[in-house]
Structure formats: structure tokens, C-alpha cells
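Student: Turn this into a model:
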Amino acid sequence: MERKIIKGISTLNPVDVEREYYLYTVDYAIKHGFDHYQLIGPIHDGTKGNIDGMTFSKKYAQFNDEKDADYVNYCLEVVNEGLEKLAAAGIKTYMWHHELELPYAFNAAFPEALNDYGDIEVTHPVVKDYLENKIRDFFEAYPKMDGIILTLHETKVPLLKLKNQKLTPTERVKYVTEILYNTCAELGKELIVRPFASIEEDYEMMTKAYEEISTDLIIMDKWTQFDWSLCLPDNRFFAKIKNNPLFVEGDIFGEFFGKGRLPLMLRSHIVNKFTYSEKFSPIGYVARIDRAGLDPFGEVNEVNLVIMHAVLSGDNVDERINEFFNKKYGKAGAGVREIMEHTEDILKKVIYLKGYYYSQLSLFPCLNHCKNHFYFEMMRDDWRIASNEWFIPIGWDRGSLDSVMEEKASAVREAAEALTKLEALKDEIEPSAYENLYTKFKNLELVAKIWKTLTDVFYDYAKYFEYGDEKYKVAFYNDTNKLSALNEEGKKALGDSFYCISGDSLVGAGRYELIAMFLEEIKESFWLEAKAKAELDSEELYDYIIAGGASEGHALMKEVNFSDTLVFDGALCRIPGHMRRKGNTIKSTINAHGWFTYEIKIRPCEENEIVITAGGYDDTVDMRVTVGDKVYNFSGNGNFNEYVIRYAAAADETKVRVRIDRISPNAPLVRSIKIK
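Tutor: Below is the predicted model:
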């Protein structure tokens, strides 16, 4: 019997439901023979996100004042309108949902559910009752919804990071998932789970828990390892799913490759990922088709939807591609296709650095992101990256700095050539279609120049702190001026359609000039780092680290990409965890209890004095420091103080790892680590 493959799309990622676009995608799914539809919605919005944000509570109505009532009522009308159409066409529909999501006022309402650390105790009966009622309320409000797509990360309450729990992380995953699974089953609804794990041990733990709940529980996972960058390998974690059905999730919009604002045709990527995934005989595929309020419909990147549909339907991919270009661009169709054929390779040269993921969700990056992703360390002759994080390919080798610069320069040449070829087709393309194409390819040309100049800025900065030569400081300021000039060129040429101006929901509401923000931050960071380095050099230390600096080096490791840097009280700092400011405090909703660690030089066969300078936003600061295999807990006031550890080194011990853990909501802000 021929295997029937589920063909799905996911939409509105991660933005508010908007009727016109939502219903357009509903009609698109019906017209093109899809049989599975996922609605993502504003999952990162603490008020509107998840099923919580589109449902009024009944039993727990005291928390309804935390909801946006207008948005709930809007969803009740609009989402149900689409569900009626999808159900009539025989298409199953699912809503994305993250847990553990509890109201902000839950702790105050049920203090008996808190443990001695102050975290929610997951096994408390009121938590189970709240979750069960949440599911029932949702499906009563949306009766034609077939199920929920569950992710256990990026929530108000970090399930896997909670402290002093009665259950282990594996048991917690099983406990919470089973509550939702059983409640859905009682209502005749489905639960599909997403491991969304970037660490192999976490993946094995979660899939083990899912299998213990039921071997019928569908596991949905990405076709790239860990996340969506095109540089990431095929998802080898698929092999760890032994007895549960696999459902493959793919990004065909370029979430980390321009987010739809740059030209991108993913023919080889989509075909290759499909070929790889088929080795595991998945029950089907679902493709993300939009991101952050941008979508491919009506423009050239819609070709990726055509490619995905052709692959799922067993059609000839190239015939479908040619049909798309000929229908949309007439006699210029073949020429436009030829130009688009090169876009994936050009963008890889722009957004990768020698195969290494080199950009913040493919937006122009903020400084914190650059520091966390080792962009400065990459430019040092004596570079050291020991992170082993998801965005660094196994066995990655930077090669020479000359080869790095040539990669970026070749992207500039190829992007300019693509724009020239497009301009030669202008008279053969309908004006509005040409304008759309021109905007994309002009952005590509500008972005290639900007990323090349950005790399020059990283180089100048790192070299100055590596060698102290004033010529690098001069070059640093010259190249920041070049970046500023490119920013002005982009605004003049494209206005708010310029790629480096963002109103992106991932950045926040409003209009942001990303390059201008970066330049302000990096100049401040350069000055503060130079000041801190001069002060520390004057102490004639054996070794030191400027935490939060761009050139901190010392084989920094951290929990995935969650160890934020910031300027506080006139100095650079690094915090263990993901930064979320509420008033004058840092409250993390994604990684509340993070860590980072450095390798620092010590004198062998001597007692070394390790001095950590740390303070906090709050009146108090708590941290755990691990040096070698010895653990120290510190608490202090929010002022910046020196915390001293004496460490006796073995005869052959020349380096030791110093690890900083966040162990309470009172996040430490670490300025420096010194060996006196």
C-alpha cells in the first residue's frame, strides 16, 4: 500500500491573528490540496500568546483581567470562521501552545503551590486542575480545532529550569505533557509534541518521556538540527525517535535567511532536506510559510511554496518552478529564474562565516548578539571558541582571515552582478512586479556590502585589543563611519523597505534603525572596554577577564546562546541567563537560571587568589561560583563588590574553569574575573 503523507502548512508566525491574511492562507490550503493546517499566533506575547491568549477562563475567571478581551473576542470570531472552512474541506487544524504558562497573578493567588525556593511546585494539584480547565475551555471555545502543538520552552514559567522540584526534569516533562495529552484525548482531540531541544541529552530525555506516555503520541521536529539556519546539518536526532510517529517541520520562508525581505530560492535545500527526512518514513511534513508579519504571497519568494508543494505531491520540481516564473514574469521568466538560482549561495556567503551562522535571525545584529556568538573572537589570530553550541558546525575551521574577507568580498561582487542582470530585464517585467524584485535585489546588494563592512568592524575591534596598535583604533572608527554611510544609502534608496530598518515583531513594536543602534552601542563598548583594560593592566595581574567585553575570549562557554551582555552603571557586564527587564530588575522568561564559564590562567603549585567583581540590578545578588570541582555560593547587596576565592593549583595545573550560575531571580552582573 502506498504511504499517504500528511501535507501541511503553518501560518501567522509569531504574530497576531489578522483576518484577511488568515483567511487567505485558509483558502490557499484548501485550493492547493493541503490536509493539515497549523496556526501559530503571537506565541511570545505574554498576554495574547498561546491558547491562554485567545480563550476566557471559566473556573479561573479571576485571571481574565490579564487577557486582552478585545483580542480574545476577535479570535473567537475570526479563528472560528476559518475553522469552519477548513473542517468543511476535510483539513485538520492545530493551534500552537507553550507550557508551562500560568497567569502572572497565579503565585499570589495560590501561595500554597510555591516551594521553598519560590518557584511553582509543578505537582501541586492546583497546577494540574488549572491546566485541565485551560484545555477544556479552549476546545469549548474552538470546537472545530482538532488539536494542539505543544512546546515546553520559551514560557513565563521555565518548566525545565524550575528549582527544588519533587520531580526530575524527565518526570516533569512527562507529568505536564500527560496532563494535556489525557485531557485532549478525553475531548476527542489530538496533542502533537515538539521537543525543541538543542542539547542531545535534553532531546533523549524528552523523547523518552513522550514514549512512556504513548507510542501513538506524534513527535514533530525540525528537519535541520536544532534550529532554522541553512548552515545547520540534517536533524540527526530523528534517529532517537524509536517508537513514536515522526512529523517533520520545515522552514521554507528563510526565517534565518532574510525573513522574506531578501530574494531567496531554496530549491536544493528543500529537495535535500526532504530526501534526508524520507529515510525516517515520517507521517508527513508541515512547512512554515511566513514570519513576523511578512509572507511570500504575490512575490518572487513564493517559489519556495511551489517547490515544497511539488515535492510533497511527487511532481516534477523544475517544471513547477518554470511554470511559476513564466506565469508571473512572462517572457522574462527564464531570466528571473536564472538570477534567483544564485540567491541561496550568495546569502550563504553573506550570512555565514565559512559555514558558521553569522547573523541574528538574519536581521542586522545587535551588539549583545555579536558578543554571544563570538564574532569578535573570530577575528583574532589566536582565536579560541570552546562553546560547542548549536550554531557552530562540528569540526568548523575558520581558515585564514584573508579567506574570511574574500568570502564576504565575493558576496558583494555576486550581489552586484545579480542586481545588474535584473536591471537588464526591467522593460520585460510588469512595473509593480519589477519594483518588488528591485527592492529585494537592491537590499541584497546593500546587505552584502553592509555585512562585509560589519566584518571589518569586528576585525578592527578585535585586533586593537589583541595587539594594542593604534592603527586598528583608527580603522575601527573609519569602518563604523562606512557602516553609517551605507545605512544612509539604504534609507535613501529604499526608505522603510531598507532591510536594516525594522518594525519586526521580534525586535518589538515600532520602527528601529538597526545599524544606528548597533553603532551607538559598539562605540560605547569600545570606549568602556579600553577603559577597563587600562585599569586592569595597571594592576599587573597574572590574568584577567573583562566580562561582557567583545574580546573577553578565555574559551567562553554558556548555556546555548543565553548569557546576555549589557552596560550597567558605566561598565560592561555579563549575566548568566537571558535578559528580560521589568522595571529596574532583570526577570528572565526564557532561561531564568542560566550560566557561563571561562578558562583562566593560574599559577601551578600555588594558591591563587581569584577575584570576581559582581553586582546586580536588585537590592541583593546571588550567584554560585564553581572553580574546578569546588562550589561556592555568594549572596550580597546589589552594589558591585569583590568576591574572593582561594584556589590551590596542582603542580601541572596552568588553567582552570570558573563557572558562574544564576541561582535566584537576583541575577548577578559580572564585571571582571582577576587572578592576582
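Student: by contact count, what packs against the longest strand seen in the chain?
Tutor: The residue-count maximum for a strand in the chain (DSSP state E) belongs to strand 607-616. Counting contacts by 3 or more Cβ pairs under 8 Å, 6 or more residues apart in numbering; DSSP states H and E, strand 607-616 packs against strand 620-627, strand 630-637, strand 641-648, strand 655-661, strand 668-675. No exception for glycine: its C-beta is placed from N, CA and C like everyone else's.
Student: Just checking: what are the partner strands of it?
Tutor: strand 641-648 (antiparallel), strand 668-675 (antiparallel) (DSSP bridges).
Student: My reading is that D116 lies in a helix. Confirm?
Tutor: No. Read with DSSP: H, G, I helix; E, B strand; the rest coil, D116 is coil and lies in no helix.
Student: could you measure it against W595, distance?
Tutor: Distance, D116 to W595, by Cβ to Cβ, to the nearest Å: 22 Å.
Student: Please say which of these two ends up with more neighbours.
Tutor: Shown here are D116 and W595; by other Cβ atoms under 10 Å, W595 has more neighbours (20 against 8).
Student: so that one touches K558, yeah?
Tutor: Yes. The pair W595 / K558 is scored as a contact, 6.7 Å apart, by Cβ atoms under 8 Å.
Student: shared neighbours, the two?
Tutor: By Cβ atoms under 8 Å, 6 or more residues apart in numbering, W595 and K558 have these common neighbours: P576.
Student: Counting neighbours, which bits of stretch 417-429 end up buried?
Tutor: By 16 or more other Cβ atoms under 10 Å, the buried positions in stretch 417-429 come out as A418, L419, L422, L425, I429.
Student: To clarify, my last question referred to stretch 602-622.
Tutor: Buried residues in stretch 602-622, defined by neighbour count with 16+ other Cβ under 10 Å: 602, 608, 610-618, 621-622.
Student: Likewise for stretch 31-42?
Tutor: Burial within stretch 31-42, assessed by neighbour count using 16+ other Cβ under 10 Å, is assigned to F34, D35, H36, Y37, Q38, L39, I40, G41, P42.
Student: beta partners of the fifth one?
Tutor: Legend: beta-bridge partners of Q38 under DSSP bridges are S10, Y94.
Student: any weak-confidence spans in the stretch 251-400 of the chain?
Tutor: The model of the stretch 251-400 of the chain has pLDDT under 70 over residues 361, 387-391, 393-394.
Student: With the chain instead?
Tutor: In the chain, residues with pLDDT under 70: 1-2, 361, 387-391, 393-394, 503-511, 560-562, 579-593.
Student: For it, which helix extends over the most residues?
Tutor: In the chain, taking DSSP state H as the definition, the longest helix is helix 431-467.
Student: Helix or strand next in line after that helix, which one?
Tutor: Following helix 431-467 in sequence order, the next helix or strand is helix 470-494 (DSSP states H and E).
Student: Next, the residues that contact the helix or strand following that next one from outside, please.
Tutor: Downstream of helix 470-494, the next assigned helix or strand under DSSP H and E is strand 501-502. Residues outside strand 501-502 that contact it (Cβ under 8 Å, 6+ apart): L363, F364, G490, K491, R511, Y512, E513, L514.
Student: Please identify which pair of those residues lies farthest apart.
Tutor: Using Cβ to Cβ, the contacts of strand 501-502 span at most 16.1 Å, a distance reached by L363 and K491.
Student: who has more neighbours, the two?
Tutor: Applying other Cβ under 10 Å to L363 and K491 shows that L363 carries more neighbours, namely 21 against 17.
Student: Distance-wise, check the more buried one relative to E255.
Tutor: L363 sits 11 Å away from E255, going by Cβ to Cβ.
Student: again, but for N372
Tutor: Between N372 and E255 the computed distance is 19 Å (Cβ to Cβ).
Student: more crowded one of these two?
Tutor: The neighbour comparison of N372 against E255 (other Cβ under 10 Å) goes to N372, with 24 against 21.
Student: just checking, that one touches M557?
Tutor: No. N372 is not in contact with M557 according to Cβ under 8 Å; the separation is 11.5 Å.
Student: Give me the common contacts of those two.
Tutor: Here N372 and M557 have no joint contacts, going by Cβ under 8 Å, 6+ apart.
Student: Quick one: closest of the strands paired with strand 607-616 to A292.
Tutor: Evaluated over those, closeness to A292 peaks at strand 668-675, with 30.4 Å, by Cβ to Cβ.
Student: Now do the closest one and strand 620-627, the angle between them.
Tutor: Calculated by axes from the mean of the first three to the mean of the last three Cα atoms, to 10 degrees, strand 668-675 forms an angle of 40 degrees with strand 620-627.
Student: Please save the CA atoms from strand 668-675 in CSV.
Tutor: Provided in CSV are the C-alpha atoms of strand 668-675 (Å, rounded to 0.1, in the frame of the first residue of the first chain):
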residue,chain,number,x,y,z
PRO,A,668,24.5,38.7,39.1
LEU,A,669,26.1,41.2,36.8
VAL,A,670,29.7,40.1,36.5
ARG,A,671,32.2,42.8,35.5
SER,A,672,35.6,41.0,35.8
ILE,A,673,37.4,38.0,37.0
LYS,A,674,41.0,38.5,38.1
ILE,A,675,44.0,36.3,39.1
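Student: from here on, count from 29
Tutor: Let's use 29 as the start, then, which means that last one is strand 696-703.
Student: re earlier: which of the buried residues of stretch 445-457 fall in helices?
Tutor: Under the assignment DSSP H, those contribute A446, L447, L450 to helices.
Student: got these as a markdown table, with distance to A578 columns?
Tutor: Listed next are these as a markdown table, based on distance: Cβ to Cβ, whole Å:
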| residue | distance to A578 |
| --- | --- |
| A446 | 33 |
| L447 | 33 |
| L450 | 37 |
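Student: which one of these sits closest to M433?
Tutor: Taking Cβ to Cβ as the measure, M433 lies nearest A446 of those, at 20.7 Å.
Student: Please identify the buried residues of stretch 202-222?
Tutor: The neighbour-count check on stretch 202-222 (16+ other Cβ under 10 Å) flags 202-209, 211-212, 217-222 as buried.
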